[in-house]
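Participant: Need a 3D model of the sequence below.
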Amino acid sequence: MNLPYVSASQASGSDPSSSLGSLVMDVVSSQNNFPISNATVEIASETSPSDIIEKLTTDSSGQTADISLPAPLEKYSLAPSDERPYSEYHLHVTAPGFKPVDISGTEILAGATAIQNVRLEPVDDPTPINNDIVIPEHTLYGNYPPKIAEPEVKPVTDTGEIVLSRVVVPQTVIVHDGVPTNASAPDYYVPYRDYIKNVASSEIYATWPRATITANVLAIMSFTLNRVYTEWYRGQGYNFTITSSTAFDHKWIYGRNIYESISVVVDEIFDSYLSRPDVRQPILTQYCDGRMVQCPNWMTRS
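Facilitator: Model (predicted):
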């Protein structure tokens, strides 16, 4: 079937209400994380997934060229607004010898570079992965449960609650993709840096000033390292590090795109965290959006 093709420049036109953001694809094998060259990426607007805007091919590093795509004006992401500040795109990724993947909801912000990582499963792989990906709305635009308040510093007792003798930045965290009591929710083993980049991209906008991004990333890392240091969920009999529920932890979204500006900050300060004098553990830094949910004495993201 031949699908209509419209270039990104044609799609943007001269619309004064839109701007441009960038997208880079990074395609690897799920079996060994080796880059996949000559993979084909078809890009369409989420509202018209059959109308192909761009068709790209990965290079020897498994990456596509940086492509510009229409997005709402940057001002919508810099102050509270009823306008959705990002555009959503549908991606169809194929490569010889691999199963195809469809990604719905890749988010493009004006003036920011989005990085969409894709893991393709070999056709003969006996252990199937979660191929097709649906990315829900960003937490600053969609509706998510507010954080249930907890003490910022957990009590240290001799009952074995605190297992680690010092703060350790883990290589991997186990993310339970649901509320703690949902036994059917899947668990994902995620590299620590990738987890922080995913959460930050889900909870703040990449268009924000660098200092603001850094402050929020520090808060996310401190919260996460508190969960690691106190073994909070393992102490309750669970076999995971943290959940993806905003009511309990931070929003982690399987397969979502991250942003270059956030990724750079995380790579620079990944081993940092917030604490207090005479307190060994990282602070459980809780925050809310400050617009849809009010949280006195907490950090806000707006």
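Participant: Residue 269 and residue 258, how far apart?
Facilitator: 16 Å (CB to CB, to the nearest Å). From N, CA and C alone the C-beta is placed, and that goes for glycine too.
Participant: Give the residue from the two that has the larger number of neighbours.
Facilitator: Higher neighbour count among residue 269 and residue 258: residue 258, with 24 against 14, using other CB atoms under 10 Å.
Participant: what are the bridge partners for that one, then?
Facilitator: residue 115 (DSSP bridges).
Participant: Hmm, it is touching residue 201, no?
Facilitator: Yes - counting by CB atoms under 8 Å, residue 201 is a contact partner of residue 258 at 4.4 Å.
Participant: which residues of the stretch 51-200 of the chain fall in helices?
Facilitator: Taking DSSP state H, counting those that start in this stretch, the helices of the stretch 51-200 of the chain run over residues 75-78, 192-203.
Participant: in this protein, which strand has the most residues?
Facilitator: strand 18-29 (DSSP state E).
Participant: Name the surrounding residues that touch the helix or strand following it.
Facilitator: The helix or strand immediately downstream of strand 18-29 is strand 40-45, counting by DSSP states H and E. Outside strand 40-45, the residues that touch it by CB atoms under 8 Å, 6 or more residues apart in numbering are 3, 8, 11, 23, 25, 27, 50-58, 64, 67, 69, 87-95.
Participant: Buried ones among the residues you listed?
Facilitator: 11, 23, 25, 27, 52-54, 56, 58, 64, 67, 69, 87-93, 95 (16 or more other CB atoms under 10 Å).
Participant: Could you tell me how far residue 236 is located from residue 218?
Facilitator: Counting by CB to CB, the gap from residue 236 to residue 218 is 26 Å.
Participant: repeat for residue 102
Facilitator: 35 Å.
Participant: Then residue 245?
Facilitator: For residue 245, the distance to residue 218 - CB to CB - is 22 Å.
Participant: what angle separates the longest helix anywhere in the chain from helix 192-203?
Facilitator: Scanning the chain for the helix with the most residues, using DSSP state H, yields helix 210-230. Going by axes from the mean of the first three to the mean of the last three CA atoms, to 10 degrees, helix 210-230 is angled at 130 degrees with respect to helix 192-203.
Participant: Need the residues that contact the helix or strand just after helix 210-230.
Facilitator: Using DSSP H and E, the helix or strand that follows helix 210-230 in sequence is strand 242-243. The contact list for strand 242-243 (CB under 8 Å, 6+ apart) reads 173-180, 224, 227, 233, 249-250, 252.
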